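Novice: Sequence and predicted model, in that order:
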Amino acid sequence: MKKKLLITLLCLLLLGIATIGAAAYVLLANNTAVTENTRLLVPQQTTMEQLQAQLDEQQILKNGKTFQWTCRLMRFKTPRTGKYTIEPGSSNIQLVRLLRRGQHYPVDFTFNNLRTVDQLVQKTDGKFFFEKEELAALLQDTAFLQQYGFTPYTLPSAFIPNSYQIYYDITAQEFFEKMYAEYQKFWTEKRKQLADSIGLTPAEVATLASIVEEENRKPAEKSIIAGLYINRLHKDMLLQSDPTVKFALGDFTRQRILNADLQVDSPYNTYKYRGLPPGPIRIPEASTLDSVLHYRHHDYLYMCAKEDFSGYHNFTASPAVHAQNAARYRAALNKRNIKR
């Protein structure tokens, strides 16, 4: 009797060892059929059935059944959104841990000194779950932009350059909503009141700030330049801003604007059309927006780059003095043989 009991116990022990060994093999043995790193895309709200179908379609697994068994054993029921790299030699347990962990982590995203929304879109490339093409398409959807009070012209004003922490696994729309939340945070009631006191909307402040920034990024002059253009606006004068002509021509590399350039027919050509252009000519910094809101009060109506090429300007309220300043600057350009 004792002998039979011992034999039974030994059989159970061997069976248990075999079971543990089989389980360990299922969990720990290589179950990937790929021979090189392979990207697995798991969209939001993917089900286990859809995940399994994707794994089968990409021929990632050697044995789909053992993967399913591992998922049940590890109680893995909800795939996390992400773009995963499946490495050769990965076991079922490694795959489950990878997909369970997900990619919900913060990404440091910084942007500044950008001219176009397209440049901003390019900066998101490879940083987030969404593809840059998805964001580009969204930002070209006029109906979508309208929901937030923007047009394709005013869209650059929606973005406030800064450093942000944004979760990796967001969608393109969630990225824009994050940017819009920062826009709303910047445009406090106090700032809105300051804009209103000047007679400008937030989008118009951004448009003027973009011109100021293209004229000179030096903090010492920004509020002075803002005041000059506000004086012109209030007097219904043409702004006559060279950067707006460069924008209309699509060429910011020009160091010299010629009379022929001033004839370009564009709503951005402030030598030809009164008032502000239809939207910003770059994405202005928050500090430049504040330079407009807190512009320097003075009587200047004219500005011309200094002939020493220091980046600073000569300001005046006199057309005659401005003509003299402009003549000196043209002579300096000629001396350096700068024709464009």
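Specialist: Yep, that arrived.

Novice: Let's verify residue 328: helix, strand, or coil?
Specialist: Classification of residue 328 using DSSP: H, G, I helix; E, B strand; the rest coil returns helix.

Novice: can you pull the contacts of it?
Specialist: Residues in contact with residue 328 (Cβ atoms under 8 Å, 6 or more residues apart in numbering) are residue 307. Yep, even glycine has a C-beta here, placed from its N, CA and C like the rest.

Novice: Look up how far residue 146 lies from it.
Specialist: According to Cβ to Cβ, to the nearest Å, residue 328 and residue 146 sit 48 Å apart.

Novice: can you give me the strands for the chain?
Specialist: Remark: strands assigned in the chain by DSSP state E are 38-42, 82-86, 106-111, 162-167, 302-305, 313-316.

Novice: for the third one, packing partners?
Specialist: Read it as strand 106-111. helix 117-123, strand 162-167 (3 or more Cβ pairs under 8 Å, 6 or more residues apart in numbering; DSSP states H and E).

Novice: mind listing what's buried in that strand?
Specialist: By 16 or more other Cβ atoms under 10 Å, the buried positions in strand 106-111 come out as 107, 109, 111.

Novice: likewise stretch 329-340?
Specialist: The neighbour-count check on stretch 329-340 (16+ other Cβ under 10 Å) flags 329, 333 as buried.

Novice: mind checking the end-to-end distance for that stretch?
Specialist: Stretch 329-340 has an end-to-end distance of 14 Å (criterion: Cα to Cα, to the nearest Å).

Novice: for that stretch, the distance to its chain's centre please.
Specialist: 38 Å (Cα atoms, centre = their mean, to the nearest Å).

Novice: before we move on, the earlier item: so of the strands of the chain, which one's packed in deepest?
Specialist: Stretch with highest mean neighbour count among the strands of the chain: strand 302-305 (a mean of 21; mean count of other Cβ atoms under 10 Å).

Novice: neighbouring contacts of it?
Specialist: 215, 225, 228, 311-319, 321-322, 325-326, 329.

Novice: Kindly reformat the buried residues of strand 106-111 as JSON lines and extend each row with distance to residue 160.
Specialist: As requested, the buried residues of strand 106-111 are exported to JSON lines (distance: Cβ to Cβ, whole Å):
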{"residue": "107", "distance to residue 160": "18"}
{"residue": "109", "distance to residue 160": "12"}
{"residue": "111", "distance to residue 160": "10"}
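
Novice: Does residue 54 touch residue 39 like I think?
Specialist: No: between residue 54 and residue 39 there is no contact under Cβ atoms under 8 Å: 11.2 Å.

Novice: What are the contacting residues of stretch 244-254?
Specialist: Against stretch 244-254 from outside (Cβ under 8 Å, 6+ apart): 115, 211, 214, 243, 257, 261-262, 264, 266, 268-271, 277, 281, 340.

Novice: and the residues you listed, which two are the farthest apart?
Specialist: Largest separation among the contacts of stretch 244-254 by Cβ to Cβ: 277 and 340, giving 22.4 Å.

Novice: Quick check: buried residues in stretch 281-290?
Specialist: Quick answer for stretch 281-290 (16+ other Cβ under 10 Å): 281-285, 288-290.

Novice: And for stretch 189-204?
Specialist: 191, 194-195, 198, 200-204.

Novice: Narrow those to those in helices?
Specialist: Among those, the residues falling in helices (DSSP state H) are 191, 194-195, 198, 202-204.

Novice: Tell me how many other residues crowd residue 317.
Specialist: Neighbours of residue 317 under the rule other Cβ atoms under 10 Å: 13.

Novice: Please report how far it lies from residue 208.
Specialist: In terms of Cβ to Cβ, residue 317 sits 19 Å off from residue 208.
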